[in-house]
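A.B. asks: below is the sequence, then the predicted model.
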Amino acid sequence: AFKINSASMLAVTPVSLFFGWLSDHVGRKNLLLAGAAIGMVGAVPFFMLMQGGSTAMIYVGQAGFVLAIGIQFGVLQALMVECTPPEIRCTTLAIGNNIAWSFLGGFTPLVATWLVYRTGAAISPGLLIAAAAAVCGRDSQTAAAQAPSPSRLARSAIAARPSATAATPLPEGTASSANG
């Protein structure tokens with residue numbers, strides 16, 4: 001189980017990078033919705049595959065989750081940066097991300113274990129993931145609609161840069177280090 005989970009976690013990185021790059025070119029909204037749809041529709045089948053007993057089926061189920069999560073991870077980071085004002089970006093994203101991951105990541109295994117205990121169904125955590133993906137899909141649609149487009153951000157960043165050709169005069173009495 002450790003090897004399979006480690007391989008999946010390693011695979012998320014290139015998948016996230018790819019979908020982050022792709023979202024710069026095709027937009028964020030449809031990719032976020034696709035990742036949420038894969039998570040919502042695929043969570044239970046992915047869990048069923050992982051309980052098939054075959055190592056190959058476990059890898060296939062994990063690959064489905066890698067795809068769904070990789071899309072979200074790749075696109076969401078860029079979207080959060082675009083939606084947050086530069087003056088408060090670092091603090092806002094650090095605090096918001098850490099509180100959310102601590103709370104949700106901390107309690108999710110407890111809730112999943114409780115669901116299996118109460119329902120007796122080993123695939124009940126898949127229903128939890130499907131419900132979370134549905135909420136993420138709804139919220140992703142709202143956030144992506146409010147975010148500026150990547151091309152508009154690039155144009156505004158270029159326009160805000162000082163001209164490279166404009167010479168900035170040194171204060172009087174100051175010598176450049178090249179003059180020694």
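C.D. replies: Okay, I see it.
A.B. asks: identify the residue nearest residue 18 in space, chain neighbours excluded?
C.D. replies: Once flanking residues are discounted, residue 18 sits nearest to residue 74: 6.7 Å by CB to CB, 6 or more residues apart in numbering. Every C-beta, even on glycine, is put in place using the N, C-alpha and C of the backbone.
A.B. asks: so what's that neighbour up against?
C.D. replies: Counting by CB atoms under 8 Å, 6 or more residues apart in numbering, residue 74 makes contact with 15, 16, 17, 18, 19, 20, 21, 22, 23, 31.
A.B. asks: distance of it from residue 14?
C.D. replies: As for residue 74, its distance to residue 14 is 10 Å (criterion: CB to CB, to the nearest Å).
A.B. asks: for this protein, give me the ranges with low pLDDT.
C.D. replies: Applying pLDDT under 70 to the chain flags residues 139-180.
A.B. asks: ok, longest helix in it?
C.D. replies: helix 89-119 (DSSP state H).
A.B. asks: for residue 111, give me its contacts.
C.D. replies: residue 128.
A.B. asks: typo on my end, residue 41
C.D. replies: residue 130.
A.B. asks: what's the helix or strand for it?
C.D. replies: Assigned by DSSP states H and E, residue 41 belongs to helix 29-50.
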